[in-house]
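>>> sequence first, then the predicted structure:
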Amino acid sequence: MKRLPGMTQALRLILATIILSTSAMAENVATNKPNILFIAIDDLRPELGCYGSEIAVTPNLDGLAKEGLLFNRAYCQQAICRPSRASLMTGTRPETTGLFHNYVSLRELQPDILTLPQHLIAHGYNTAYVGKIFHNGDTDEERSWSRPAAKWLGPDIKKPSGPYCLPENVKLRNENFKEMFAKYGDAARRGLASGPAFERAEVPDHAYIDGYNTLLAIKTMKQVASDDKPFFLGMGYHLPHLNWCAPQKYWELYDPGKIQLATNGIAPTDGAVMGLHASFELRTRSNIPKHGAIDGDLARTLKHAYLASTSYVDAQIGLLLKALDEAGLRENTIVIVWGDHGWHLGDMGVWGKATNYEIATRVPLLIWTPNMKARGHKTNALVELVDIFPTLCELAKVPSPTHLEGHSFAPLLDEPNRQWKKAAFSQYPNPALREWAANPLSQGMRETWFGPLIKDVEQRIIDQQGKKWERELFEKHLMGYTMRTDRYRLVVWRDHRNAKAEPIFVELFDHKVDPQETKNVAGDHPKVVNSLMDQLNKGWKAAL
């Protein structure tokens, strides 16, 4: 800068800042980088009106689907929170992150790995988040987020202090935790105690955390929009993750008598016993039986609670999208909505995530962009959550880093029926003999009421596997690798320590005749199994 007479150093710094800011604005205008509204929903299976649910009341997500693109066949890389989110946010698969359960952090295993928001920061973006984007403990504050979100909403709106609003449920939860902490210390935090699985209360939306966080996200959106940079704003919803606590008005959207239970409520015929668990995550809730079937009126109430929670989240997303429109930001903002994995609602006799089957690995995925051509379309292309990182790079006009293990699905936004990849890949360590966060069984799990459940499923595995049974292998090293093709789902159970080891068990489901995966037909189709096994062994690159 040319030095003018009488100009102080402070004034020169101010003018230099203005010039740099103006240059940055000019670069933004020239490159026209879009904002990104990045909406994550925890434990949401495609139980939405736009996905064909006959009962779900989800008008806002349905409306987004009518204006954007809906992916009918999108899949997570592992059906549990932390590994799935770590994979999506780094654009790499679990075998690369090394993260297979909820109790180890991403940075502990991969201290230098590049995340999506971190990459966008390097290319001129402001990044901020509210709620759950990474899993708890992986929030990556210093590297992935360039500015803090709004912290409070004023003295009249109090931040929720826990999952429950009703005093009796707060008391029950606290008493249960106190009892388990006295016996197991910090290990009690790992799923050994909880309050009830659901709650309905006559309270405003912001009395629960998702409603409160939506208001924070709207406030944050206004703040980041006032900057001279494009923004990446993450809004992560906790529901419909347990516990299913939603305001009364969302429960009233449903007639319990019209709620249909799972039509496929038993394990697959000839399927792997280790492929299913005993609904550990749900059973830890105080009002759920610790043994035996979960059916009848309780099952209907639980599905009601899940639906009410989903409708509550849908309403919050509606508020967020309305605020985007009112701020005049929609026409330069990409909106993407994704679930981190599916959820069994009694399907296959299981309540929870944490399997390698369609119901747990298939996720909702919606996208809206200002310039897309295929509005209101649905695509049957096989896509994966690991594809989101390269897709947003392409749409945001920033280069994709070389470490990515996904494939941009941006071309589908204009041609949703074009030929696409041949397969989607997921994996999960033996869910039958793991805790519900996918970590190895603890002493606490064995000693509590989980113990009989573990013994039951262990005996069934021994009965099925015979001489192949080995406790160390089945509890700590058995991994299920699954591949979804246009027609089939293959599940291969292998010793994770040896990628070349012969499979311990193989499952094959033919979606042409059996979309609910009720029968393992691997024994009837050895040639199909061999062909798919060869494809699985070649990995994701060969599927492009």
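Good, I have the coordinates. It should be emphasised that the depicted structure is a prediction, and the values quoted were computed from it without experimental measurement.
>>> distance check, Ala217 against Asp62.
Going from Ala217 to Asp62 by C-beta to C-beta, to the nearest Å gives 21 Å. For every residue, glycine as well, the C-beta is placed using N, CA and C.
>>> more neighbours: those two, which one.
Ala217 (27 against 18; other C-beta atoms under 10 Å).
>>> need phi/psi at the more buried one.
Backbone torsions of Ala217, given as degrees, to the nearest 10, read phi -70, psi -40.
>>> mind listing what it touches?
Val130, Gly131, Ala149, Leu233, Met235, Leu320 (C-beta atoms under 8 Å, 6 or more residues apart in numbering).
>>> tell me the secondary structure at the fifth one.
Remark: Met235 carries the secondary structure label strand [criterion: DSSP: H, G, I helix; E, B strand; the rest coil].
>>> next, Glu507: secondary structure please.
strand.
>>> that one bridge partners, please.
For Glu507, the beta-bridge partners under DSSP bridges are Val491.
>>> thought it was touching Thr518?
No. In this structure Glu507 lies outside contact range of Thr518 using C-beta atoms under 8 Å: 11.8 Å.
>>> on that earlier part again, could I get the contacts of Ala217 as JSON lines with distance to Phe100?
What follows is the contacts of Ala217, written out as JSON lines (distance: C-beta to C-beta, whole Å):
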{"residue": "Val130", "distance to Phe100": "28"}
{"residue": "Gly131", "distance to Phe100": "24"}
{"residue": "Ala149", "distance to Phe100": "30"}
{"residue": "Leu233", "distance to Phe100": "30"}
{"residue": "Met235", "distance to Phe100": "27"}
{"residue": "Leu320", "distance to Phe100": "32"}
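>>> and those residues as TSV, adding neighbour count, pLDDT and distance to Asp270?
Formatted as TSV, the entries for the contacts of Ala217 read as follows, by neighbours: other C-beta atoms under 10 Å; pLDDT from 0 to 100; distance: C-beta to C-beta, whole Å:
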residue	neighbour count	pLDDT	distance to Asp270
Val130	23	98	46
Gly131	22	98	42
Ala149	20	97	50
Leu233	28	98	47
Met235	28	98	43
Leu320	23	98	46
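>>> may I ask which two of those are separated the most?
The span of the contacts of Ala217, defined through C-beta to C-beta, is set by Ala149 and Leu320 at 13.3 Å.
>>> do a quick rundown of the helices in the stretch 51-200 of the chain.
Listed in chain order, the helices of the stretch 51-200 of the chain (DSSP state H, counting those that start in this stretch) span residues 59-67, 81-90, 94-97, 106-109, 116-122, 141-144, 167-184.
>>> show me what counts as buried in the fourth one.
Translated: helix 106-109. Of the residues in helix 106-109, those buried under the neighbour-count criterion (16 or more other C-beta atoms under 10 Å) are Leu106, Arg107.
>>> contacts for that helix?
With C-beta under 8 Å, 6+ apart as the contact definition, helix 106-109 has outside contacts at Arg82, Ala86, Met89, Thr90, Thr97, Gly98, Leu99, Ile113, Phe134, Asp138, Asp140.
>>> swap in the last one?
Contact partners of helix 167-184, identified using C-beta under 8 Å, 6+ apart, comprise Gly162, Pro163, Tyr164, Ala188, Leu192, Ala193, Ser194, Gly195, Pro196, Glu199, Ser286, Gly444.
>>> top of these by neighbour count?
Most crowded among the contacts of helix 167-184, counting by other C-beta under 10 Å, is Gly195 at 25 neighbours.
>>> shouldn't that one be in contact with Leu166?
No. Counting by C-beta under 8 Å, Leu166 is not a contact partner of Gly195; they are 9.6 Å apart.
>>> CA-only coordinates of stretch 168-186 in CSV, if you can.
In CSV, the C-alpha atoms belonging to stretch 168-186 read as follows (Å, rounded to 0.1, in the frame of the first residue of the first chain):
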residue,chain,number,x,y,z
GLU,A,168,-40.2,-38.4,37.4
ASN,A,169,-38.2,-39.5,34.4
VAL,A,170,-35.2,-37.3,35.4
LYS,A,171,-35.4,-38.8,38.9
LEU,A,172,-35.5,-42.3,37.5
ARG,A,173,-32.6,-41.8,35.2
ASN,A,174,-30.5,-40.3,37.9
GLU,A,175,-31.2,-43.1,40.3
ASN,A,176,-30.3,-45.7,37.7
PHE,A,177,-27.0,-44.0,36.9
LYS,A,178,-26.2,-43.6,40.6
GLU,A,179,-26.7,-47.4,41.2
MET,A,180,-24.5,-48.4,38.3
PHE,A,181,-21.8,-45.8,39.0
ALA,A,182,-21.5,-47.1,42.5
LYS,A,183,-20.9,-50.6,41.1
TYR,A,184,-18.9,-50.0,37.9
GLY,A,185,-17.6,-46.5,38.1
ASP,A,186,-17.1,-44.7,34.7
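>>> now that stretch: mean pLDDT?
Averaging pLDDT along stretch 168-186 yields 86.
>>> and stretch 510-520, by the same measure?
Model confidence over stretch 510-520 averages 98 on the pLDDT scale.
>>> ok, and what's touching that stretch?
For stretch 510-520, using C-beta under 8 Å, 6+ apart, the contacting residues are 263-264, 268-272, 347-348, 357-359, 487-489, 507-509, 521, 525.
>>> and if you look at stretch 291-309?
Stretch 291-309 has contacts (C-beta under 8 Å, 6+ apart) with 47, 55-57, 197-198, 200, 239-240, 244-246, 250-251, 253-254, 256, 259, 261, 265, 279, 282, 288-289, 343, 345-346, 349, 351, 449, 452-453.
>>> quick check: PyMOL command selecting the buried ones in the residues you listed.
Selecting the buried subset of these in PyMOL, with 16+ other C-beta under 10 Å as the burial test, is done by:
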select buried, resi 47+56+57+197+198+200+239+240+244+245+246+250+251+253+254+259+265+279+282+288+343+345+346+349+351+453
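>>> quick check: strands, which of the contacts of stretch 291-309 are part of them?
Counted as lying in strands by DSSP state E, out of these, are Phe198, Arg200, Trp244, Cys245, Ala246, Leu345, Trp351.
>>> in the helix or strand hosting Asn537, what's buried?
Using DSSP states H and E, Asn537 sits within helix 526-538. By neighbour count with 16+ other C-beta under 10 Å, helix 526-538 contains the buried residues Val528, Val529, Leu532, Met533, Gln535, Leu536.
>>> please apply the same query to stretch 449-468.
Buried positions in stretch 449-468, judged by neighbour count with 16+ other C-beta under 10 Å: Phe450, Leu453, Ile454, Val457, Glu458, Ile461, Gln465.
>>> could you measure the fourth one against Ile288, distance?
According to C-beta to C-beta, Val457 and Ile288 sit 17 Å apart.
>>> tell me the pLDDT at Asn28?
43.
>>> now swap in Gly137 and tell me
What the model reports as pLDDT for Gly137 is 89.
>>> what's the nearest residue to it if we skip its chain neighbours?
Beyond its immediate neighbours in the sequence, the residue positioned closest to Gly137 (C-beta to C-beta, 6 or more residues apart in numbering) is Ser105, lying 5.3 Å away.
>>> same question, Asp227
Asp227's closest residue in space is Asn126 (C-beta to C-beta, 6+ apart), at 5.3 Å.
>>> out of the buried residues of stretch 449-468, which comes closest to Ala40?
Phe450 (29.3 Å).
>>> was I right about the closest one contacting Phe280?
Yes. Counting by C-beta under 8 Å, Phe450 does reach Phe280; the two are 6.4 Å apart.
>>> got the end-to-end distance for stretch 329-349?
The stretch stretch 329-349 measures 45 Å between its terminal residues, going by C-alpha to C-alpha, to the nearest Å.
>>> just stretch 367-379 next, same as before
12 Å.
>>> all further residue positions should be reported with the first residue as 42.
Okay, residue one is now 42; in that scheme the one you just asked about reads as stretch 408-420.
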